[in-house]
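>>> What would the 3D arrangement of this be:
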Amino acid sequence: MENTTEVLAIRRIYRRLVPLLFVMLIVNYLDRVNIGFAALRMNHELGFSASVFGLGAGIFFVGYAVFEVPSNIMLHKLGARVWIARIMITWGLVSAGLAFVHSQTSFYVLRFLLGVAEAGFIPGVVAYLTCWFPVRYRSRANAGVIMATAIASAIGSPVSGILMHALAGTHGISGWRWMLLLEAVPAVVLGVFSLFWLTDRPERASWMSAEQRNWLVAELADETAKLTRTASLPFLKIAMMPRVWSLSALFVCFLTAFYGVLLWLPQIIKNMGSLTDLQVGFVSGLPFCCAAVSMYFVSRHSDKVAERRLHIAVCMTVGGLALFACAFVSQPLVGLILLCIAASGIWGCLAVFWTLTGEFLTGAAAAIGIALINTIGQCGGLLGPWMVGIIKDLTGSFSVALIVLAVAAGLAAVVAFLLPDRSASVEAARALSADPAAQ
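Residues are numbered from 1 along each chain as shown. This is a model prediction of the structure:
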């Protein structure tokens, strides 16, 4: 039975941190994926083929991957407050620069720089939450923040559609350029605000009572003590851990399906029927509304039964089967229903995945491990959108591309099912830390 201090402390932390991080992640994903909506007009205006757009959309992940580990190391050294603020301000400025794209080269360069600017944000947030929430609350905390990835797309699609439609031609500027520019502003504003609102460690949380603060510090210290020897593991030893590579392989497959759907969804839906850009914006939000609901319930159930692997495997299987079925459907309504099911499956397990990454390392090693997994995983972020573009150019439709994304989701399910349990991974980490060569 949870004691009163524990309940009040978790509630206080949740209300203090999660809403702000949630809004920040909404803005993060909005600035990352609104290029998919801009493509409805940008591709024609600038003469981009599907392959050009797919590569430009995916090249973001090259910059993101290259600077991921260095960014998380800096976050651990400088503190989350300063580093998250830096990330948000720089990505807002680069995102605004995309409004002035005029060629393939400028498109590729700015998408790459956007990845560099954003590198470390999501794994940094996940690592930050491990400093505030004990393991048994972590999946729900992750979901409270990461649910924003679905909400951002759910609200971002209609908002992007409205902005593009309402501002088209204003002062002689295309609507998609106005949309990219205006949606970049909140990142800079939130970056400045986070400097005054976030707290790096529980010991410094003046907004908690002394009793709550002492309980949290003791609780986290007790969990950390079980992993103390893993905190000082060097980078090469972390990189050699089977758990890191298993989770990395899972994340590559996951992100291939995830971003293949996310960055192409407006064009997939547009291809299903004769909808206007504004209608596409509202219809595109429906799968992500379903995804947000799924993420909430899956994460809560995962915490309740303390199980992660099967939740991910089942969700990815459902998502993959729905994508596969969608490839053979010609009726728009049935296709939309299947896309809603696919989004519910794929997005539903995202928060659970991030809980897995923080269960077998602690301290600087956890920050490095999470960043390394996310870095390798970004290969999927590049491959998914790029493959869809190439296949669309070769075949003239999205059917084969959806089958490829379904296979990626299926592979993610298989890897998740074969993952060793948490205790085995913790013991492997301890064995490495006990090895004199690891020091």
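>>> how about the helices in the stretch 51-200 of the chain?
68-78, 80-97, 104-118, 121-130, 135-146, 148-167, 175-182, 185-197 (DSSP state H, counting those that start in this stretch).
>>> Kindly report the same for the stretch 301-439 of the chain.
So, for the stretch 301-439 of the chain - with DSSP H, counting those that start in this stretch - the helices run 309-326, 332-348, 350-357, 363-395, 399-418, 422-434.
>>> can you tell me which of the helices of the stretch 51-200 of the chain comes nearest to Val314?
Of all the helices of the stretch 51-200 of the chain, the one in closest proximity to Val314, counting by C-beta to C-beta, is helix 135-146 (15.1 Å). C-beta: built from backbone N, CA, C; applies to glycine.
>>> Identify all contacting residues around the closest one.
Residues outside helix 135-146 that contact it (C-beta atoms under 8 Å, 6 or more residues apart in numbering) are 10, 14, 18, 21-22, 25, 122, 125-126, 129-130, 132-133, 223, 295-296, 298-300, 302-303, 306, 308, 350-352, 354-355, 358-359.
>>> repeat for stretch 190-202
17, 20, 23-24, 27, 79-82, 84-89, 92, 131-132, 205-208, 213, 216-217, 220.
>>> just to revisit the earlier point, which one of the helices of the stretch 51-200 of the chain lies closest to Phe288?
helix 148-167 (3.7 Å).
>>> Point out where this structure drops to low pLDDT.
1-3, 226-235, 357-364, 367, 421-439 (pLDDT under 70).
>>> returning to what we had before: counting neighbours, which of the contacts of helix 135-146 end up buried?
The neighbour-count test (16 or more other C-beta atoms under 10 Å) marks 10, 14, 18, 21-22, 25, 122, 125-126, 129-130, 132-133, 295-296, 298-299, 302-303, 308, 350-352, 354-355, 358-359 as buried among the contacts of helix 135-146.
>>> measure Ala325 to Leu333 for me?
14 Å (C-beta to C-beta, to the nearest Å).
>>> out of those two, which sits in the busier spot?
Ala325 (17 against 10; other C-beta atoms under 10 Å).
>>> tally of neighbours for the residue lying closest to the more buried one once chain neighbours are set aside?
Ranked by C-beta to C-beta, 6 or more residues apart in numbering and with sequence neighbours excluded, the top spatial neighbour of Ala325 is Leu338, at 5.3 Å. The tally of other residues near Leu338 (other C-beta under 10 Å) stands at 21.
>>> Contacts only, for Leu338.
Ala322, Leu323, Ala325, Cys326, Val329.
>>> Could you do Glu203 as well?
Arg213, Val217.
>>> now swap in Gly389 and tell me
Ser49, Ala50, Ser51, Val52, Phe53, Gly54, Leu55, Ala57, Trp264.
>>> and the closest residue to it other than its chain neighbours, how many neighbours?
The shortest distance from Gly389 to any non-neighbouring residue, by C-beta to C-beta, 6+ apart, is to Gly54 (2.2 Å). Here the number of neighbours of Gly54 (other C-beta under 10 Å) works out to 28.
>>> which ones are touching Gly54?
Pro385, Trp386, Met387, Val388, Gly389, Ile390, Lys392.
>>> got these as a markdown table, with distance to Val404 columns?
Shown next, in a markdown table, are the contacts of Gly54 (distance: C-beta to C-beta, whole Å):
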| residue | distance to Val404 |
| --- | --- |
| Pro385 | 12 |
| Trp386 | 11 |
| Met387 | 6 |
| Val388 | 8 |
| Gly389 | 12 |
| Ile390 | 10 |
| Lys392 | 11 |
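>>> Can I have the buried ones of the residues you listed as a ChimeraX selection?
In ChimeraX, this line selects whichever of the contacts of Gly54 come out buried by 16+ other C-beta under 10 Å:
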select :385,386,387,388,389,390,392
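>>> one step back: so which of the helices of the stretch 301-439 of the chain is the most surrounded?
helix 350-357 (a mean of 26; mean count of other C-beta atoms under 10 Å).
>>> Tell me what angle it forms with helix 121-130.
70 degrees (axes from the mean of the first three to the mean of the last three C-alpha atoms, to 10 degrees).
>>> which strands and helices sit next to helix 350-357?
helix 121-130, helix 135-146, helix 242-262, helix 277-305, helix 309-326, helix 363-395 (3 or more C-beta pairs under 8 Å, 6 or more residues apart in numbering; DSSP states H and E).
>>> What about Ser157, how many residues nearby?
Counted with other C-beta under 10 Å, Ser157 comes out at 27.
>>> swap in Gly169?
Using other C-beta under 10 Å: Gly169 sits among 9 other residues.
>>> I'd say Ser51 and Asp393 touch.
Yes. The pair Ser51 / Asp393 is scored as a contact, 4.9 Å apart, by C-beta atoms under 8 Å.
>>> re the thing from before, please report the distance of the residue nearest to Ala325 from Phe324.
Leu338 is 9 Å from Phe324, by C-beta to C-beta.
>>> same thing with Ala96?
Ala96 is 39 Å from Phe324, by C-beta to C-beta.
>>> quick one on the thing from earlier: save the contacts of Leu338 as JSON lines, and put in distance to Val192 too.
JSON lines is the format used below for the contacts of Leu338 (distance: C-beta to C-beta, whole Å):
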{"residue": "Ala322", "distance to Val192": "41"}
{"residue": "Leu323", "distance to Val192": "40"}
{"residue": "Ala325", "distance to Val192": "46"}
{"residue": "Cys326", "distance to Val192": "42"}
{"residue": "Val329", "distance to Val192": "47"}
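>>> So for Ala343, which of the helices of the stretch 51-200 of the chain sits nearest?
So among these, helix 148-167 is nearest, using C-beta to C-beta, at 7.4 Å.
>>> If anything else comes up later, I'll come back, but that's it for now.
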